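A.B. asks: sequence first, then the predicted structure:
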Amino acid sequence: MSERVVIALGGNAILRPHQEATYENQLENVRRSSEIIADIVQQGYEVIVTHGNGPQVGLILQQNEEAKDVVSPFPLDVCNAKSQGMIGYMLDQCLKNELRKRGLTQHVVSVLTQTQVSPEDEAFRQPTKPIGTFYSEEEAKRMMREKGWNMMEDAGRGWRRVVPSPQPQSIMEAETIMKLAADGNIVIASGGGGIPVVQAADGTISGVEAVVDKDRSGLKLAHEASADIFMMVTDVNHVFIHYGMPEQRALNHISTAEAKQYVQEGHFSAGSMGPKMEAAVAFADQGKHAIICSLQEAALALQGTSGTHIS
């Protein structure tokens, strides 16, 4: 029986730092990523792919602002859905083309995915996730008055809108995703952390203005889709302790106990590797296998010869 792997692509798999955000650039990056995913499919794994969408949602929100006097802006949950469709389309097309070149017959399907969150989550009372365009202080205060947005100064670069980042409660399409993967399909799902929704007592679902952290959502997807392996793909081959110092050391194969100790010692920053390590530990604590690695060496990591492995 094939092992099932959830591959969480980082943002650089779609748009590299300082790269112009054209469709052509993003499509070429996705094409290269698809070659690596096809390598993994060729190794015999059942594959579920999830991905970030930060730059893409930011562009959609910017388009909203630029065109607001002509076209009514869409709410954030709809913008998330739009980015899922765009990235899903690119991944779907590139993967199909790559599989055909290799003579592989697996089908590819992109599932528009909703992530249930709790309306009582503390994040709704204290929004912290910056999104979208940078504004001057004067513009930010106007947005606060006119739109009721929460705005925050962001590291000296200007002011940005901040929105809630609630904990994912469940992936609403998880059962469908699992069945599709079990039938041999490559599934693209839960992009950008999923479209955040709340569910009323009568079962009615509605979208909310929030962003779900993609590492937390990827972890929830890996759990609920019964994955054997949760792989988070980033821009480094390994996780390091004492990063940037003379005693810097790459982590290869470590236990959850060792990983927890390194987290407690503060080796991983909250804005980058910290959430990935916490998600990896939580998955491995269930008796499963978590990997953090670079995109280029993802296939090698599944063979155990690259990446940081936590079990």
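C.D. replies: Sure, I can see it. Computed from a predicted model, the values in this text were never measured in an experiment.
A.B. asks: list the residues that contact residue 4.
C.D. replies: Going by CB atoms under 8 Å, 6 or more residues apart in numbering, residue 4 touches 45-48, 181-182, 225-229. Yep, even glycine has a C-beta here, placed from its N, CA and C like the rest.
A.B. asks: separation between it and residue 66?
C.D. replies: Going from residue 4 to residue 66 by CB to CB, to the nearest Å gives 42 Å.
A.B. asks: likewise for residue 249?
C.D. replies: Distance from residue 249 to residue 66, counting by CB to CB: 47 Å.
A.B. asks: same question for residue 195.
C.D. replies: Distance from residue 195 to residue 66, by CB to CB: 23 Å.
A.B. asks: looking at this protein, which helix or strand is least sure?
C.D. replies: Across the helices and strands of the chain, mean pLDDT, DSSP states H and E gives its lowest value to strand 129-135, namely a mean of 81.
A.B. asks: partner strands of that one, with direction?
C.D. replies: Strand pairing for strand 129-135, using DSSP bridges, gives strand 159-163 (antiparallel).
A.B. asks: tell me the helix or strand right after the partner strand.
C.D. replies: Counting by DSSP states H and E, the next helix or strand C-terminal to strand 159-163 is strand 170-171.
A.B. asks: now do the helices in this protein.
C.D. replies: Along the chain, the segments classed as helices by DSSP state H run 23-42, 54-66, 76-102, 137-147, 174-182, 214-224, 256-264, 273-284, 298-302.
A.B. asks: tell me which of those lies nearest to residue 153.
C.D. replies: Proximity to residue 153 (CB to CB) singles out helix 137-147 among the helices of the chain, at 7.5 Å.
A.B. asks: how near is residue 37 to residue 99?
C.D. replies: Counting by CB to CB, the gap from residue 37 to residue 99 is 9 Å.
A.B. asks: okay, and the common contacts of these two?
C.D. replies: Common neighbours of residue 37 and residue 99 (CB under 8 Å, 6+ apart) are residue 186.
A.B. asks: ok, these two, which is more surrounded?
C.D. replies: Neighbour count, other CB atoms under 10 Å: between residue 37 and residue 99, residue 37 has more, with 28 against 20.
A.B. asks: so what's that one up against?
C.D. replies: Contacts of residue 37 (CB under 8 Å, 6+ apart): 7, 47, 49, 95, 98, 186, 298.
A.B. asks: tally of neighbours for the last one?
C.D. replies: Just to be clear, that refers to residue 298. Residue 298 is flanked by 23 other residues according to other CB under 10 Å.
A.B. asks: list the contacts for the residue lying closest to it once chain neighbours are set aside?
C.D. replies: With CB to CB, 6 or more residues apart in numbering as the criterion, residue 298 has its nearest non-adjacent residue at 5.2 Å, and that residue is residue 36. Applying CB under 8 Å, 6+ apart, we find residue 36 in contact with 295-296, 298-299.
A.B. asks: what do you get for residue 21?
C.D. replies: 15, 55-56, 59.
A.B. asks: can you pick the most crowded of these?
C.D. replies: residue 56 (24 neighbours).
A.B. asks: just confirm it contacts residue 22, I think it does.
C.D. replies: No: applying CB atoms under 8 Å, one finds residue 56 not in contact with residue 22, separated by 12.0 Å.
A.B. asks: residues contacting residue 214?
C.D. replies: Neighbours of residue 214 in contact, by CB under 8 Å, 6+ apart: 8, 50-53, 192-193.
A.B. asks: and the closest residue to residue 161 other than its chain neighbours, how many neighbours?
C.D. replies: Nearest non-adjacent residue to residue 161, counting by CB to CB, 6+ apart: residue 149, 4.9 Å away. As a burial measure, residue 149 scores 18 neighbours (other CB under 10 Å).
A.B. asks: give me the pLDDT for residue 155.
C.D. replies: At residue 155, the model reports a pLDDT of 76.
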